[in-house]
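# Sequence below, structure please.
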Amino acid sequence: MEILQQLEKQQHLNEEDMKSFINLMINPEVENQVKYKALKTYTDKEMQQTELTFLTKSLIKTMYKEQPYYEGAMCVCGTGGDKSGSFNISTTASFIVASAGALIVKHGNKSITSNSGSTDLLNQLNINTTKVNDVINTLQQYNLAFVSATESYPIMKYIQPIRKMMSKPTIFNLVGPLINPFKLTYQVMGIYDPNQLGNVAQTVKDLGRKKAIVLHGAGGMDEASLSGDNLIYEVNAGKDIETYTINAKDFGLRNVSNDTLKGGTPEENKAITVNILNGQDHTSKRDVVVLNAGIALYVAEKVNDIQTGINLAQYLIDSGLAMKQYLRMVGN
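Next up is the predicted model:
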């Protein structure tokens, strides 16, 4: 296979090469060991930024020749792969952000590198994922739709076993949040690898987002964390990418170790999410959700800065609006 030879020579891939790479990875007739060799060889070479854009756009086109679009649609999602064992921070934050009127199309998956992925949690919360064709109706009703990656990209079932064979995250960890089936207006994306911030931010810009933040959390998390400086790459259409850091303590939130953010089984993570949304949890778990929700509210242009976003997130919890958002979605 020519693409394997190119990878073994550490060659950079152009757009056509990336199509060949994807076709190999999703071909059910190709043995898993061959796919594993291809993915491992690719993962071991230095990735070029253009390759990430080519891969993302090519993957989208395998399923959506024309991406569906809904003005204002947003995703708040981490890549996974940080091995922090944290609870479902971005899923919890999504209820808060949606309660402010932002339109969230959250693209999630079952767990690959943690105890409980977003769809594992949703099963416990009694919330169904939404089929792509029904997303707009769901947004109009609830402001929030959870889309399962396995439903929106069934071809990924051919790649999933290969990812599980790998001992470290791959380019597909980076791609997951980027291949949201909707052409998004806004995006918050946390990534596990700080060395990829620039590449991912440029790819987000290449995808035409109006406003986005790509971040790497202090202590190696794929969410903004409370343990130190979080690295931020801010994307605004028509402007250069801006880089800066934010620290929870600068917003009146506590500085604590990432160990305080650990989750557990889907059942345990459900209890954490519900107790944050209903205002009973005042621990660091609430603080980290408020921080991430505040960032998302800023990106969604509901507020003019992150501090105001954090203040709004706290109000949405304390006023009961965030819990009301959750209860509407479970039919109570």
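# Tell me the confidence at residue 115?
As predicted, residue 115 sits at a pLDDT of 50.
# sorry, that was for residue 164
In this model, residue 164 is scored at 87, pLDDT.
# what about it, how many residues close to it?
Look at residue 164: counted by other Cβ atoms under 10 Å, it has 9 neighbours. C-betas here are computed from N, CA, C, even on glycine.
# Could you do residue 137 as well?
Neighbours of residue 137 under the rule other Cβ under 10 Å: 11.
# For it, what are phi and psi?
phi -60, psi -40 (degrees, to the nearest 10).
# distance of it from residue 68?
12 Å (Cβ to Cβ, to the nearest Å).
# what sits in contact with each of those two?
Counting by Cβ atoms under 8 Å, 6 or more residues apart in numbering, residue 137 and residue 68 have no shared contacts at all.
# Identify the residue nearest residue 200 in space, chain neighbours excluded?
In space, and not counting its chain neighbours, residue 200 is closest to residue 214: 5.0 Å by Cβ to Cβ, 6 or more residues apart in numbering.
# so where's the stretch 51-200 of the chain shaky on pLDDT?
Applying pLDDT under 70 to the stretch 51-200 of the chain picks out residues 109-117.
# residue boundaries of the strands in it?
Listed in chain order, the strands of the stretch 51-200 of the chain (DSSP state E, counting those that start in this stretch) span 73-78, 103-108, 144-148, 186-190.
# For residue 254, which of these is the nearest?
Nearest to residue 254, of all the strands of the stretch 51-200 of the chain, is strand 186-190, at 19.7 Å by Cβ to Cβ.
# That closest one pairs with which strands?
Its sheet considered, strand 186-190 pairs with strand 73-78 (parallel), strand 211-216 (parallel) by DSSP bridges.
# Serialize those strands to CSV and add fields for mean neighbour count.
Converted to CSV, the strands paired with strand 186-190 look like this (neighbours: other Cβ atoms under 10 Å):
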stretch, mean neighbour count
strand 73-78, 28
strand 211-216, 26
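# can you list those in TSV and add distance to residue 146?
Converted to TSV, those look like this (distance: least, Cβ to Cβ, whole Å):
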stretch	distance to residue 146
strand 73-78	11
strand 211-216	20
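# Please report how far residue 120 lies from residue 105.
In terms of Cβ to Cβ, residue 120 sits 19 Å off from residue 105.
# show me the contacts for the residue most central in space within the chain.
The centroid of the chain falls nearest to residue 77 when counting by Cα atoms, centre = their mean (2.0 Å). Residue 77 is in contact with 90, 106-108, 118, 176-177, 180, 188-190, counting by Cβ under 8 Å, 6+ apart.
# Please name the nearest non-neighbouring residue to it.
residue 177 (4.1 Å).
# and that neighbour, how many residues sit next to it?
Neighbours of residue 177 (other Cβ under 10 Å): 30.
# can you give me the helices for the stretch 51-200 of the chain?
For the stretch 51-200 of the chain, helices defined by DSSP state H, counting those that start in this stretch occupy the ranges 89-99, 118-125, 135-142, 149-152, 160-165, 171-178, 197-206.
# Looking at these, which one is packed in the most?
A comparison of the helices of the stretch 51-200 of the chain by mean neighbour count, using mean count of other Cβ atoms under 10 Å, puts helix 89-99 on top with a mean of 29.
# gap between that one and the chain center?
Centroid displacement of helix 89-99 relative to its chain, using Cα atoms, centre = their mean, to the nearest Å, is 12 Å.
# From the contact counts, what lies against it?
For helix 89-99, the packing partners by 3 or more Cβ pairs under 8 Å, 6 or more residues apart in numbering; DSSP states H and E come out as strand 73-78, strand 103-108, helix 118-125, strand 144-148, helix 266-277, helix 284-299, helix 306-318, helix 321-329.
# who wins for proximity to residue 197 among the ones you listed?
Nearest of the helices and strands packed on helix 89-99 (Cβ to Cβ): strand 73-78, 13.2 Å.
# May I have stretch 69-84 as PDB, with CA atoms only?
What follows is stretch 69-84, C-alpha atoms only, in PDB (Å, rounded to 0.1, in the frame of the first residue of the first chain):
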ATOM      1  CA  TYR A  69     -25.800  24.600   9.400                       C
ATOM      2  CA  TYR A  70     -27.700  26.500  12.100                       C
ATOM      3  CA  GLU A  71     -26.700  30.000  12.900                       C
ATOM      4  CA  GLY A  72     -25.100  30.300  16.300                       C
ATOM      5  CA  ALA A  73     -24.500  26.500  16.800                       C
ATOM      6  CA  MET A  74     -21.600  25.800  19.200                       C
ATOM      7  CA  CYS A  75     -19.700  22.800  20.600                       C
ATOM      8  CA  VAL A  76     -18.100  22.600  24.000                       C
ATOM      9  CA  CYS A  77     -15.900  19.500  24.000                       C
ATOM     10  CA  GLY A  78     -12.500  18.100  25.100                       C
ATOM     11  CA  THR A  79     -10.400  15.700  23.100                       C
ATOM     12  CA  GLY A  80     -10.000  13.200  25.800                       C
ATOM     13  CA  GLY A  81      -6.700  11.500  26.200                       C
ATOM     14  CA  ASP A  82      -5.500  13.500  29.200                       C
ATOM     15  CA  LYS A  83      -5.800  10.500  31.600                       C
ATOM     16  CA  SER A  84      -6.900  12.800  34.400                       C
END
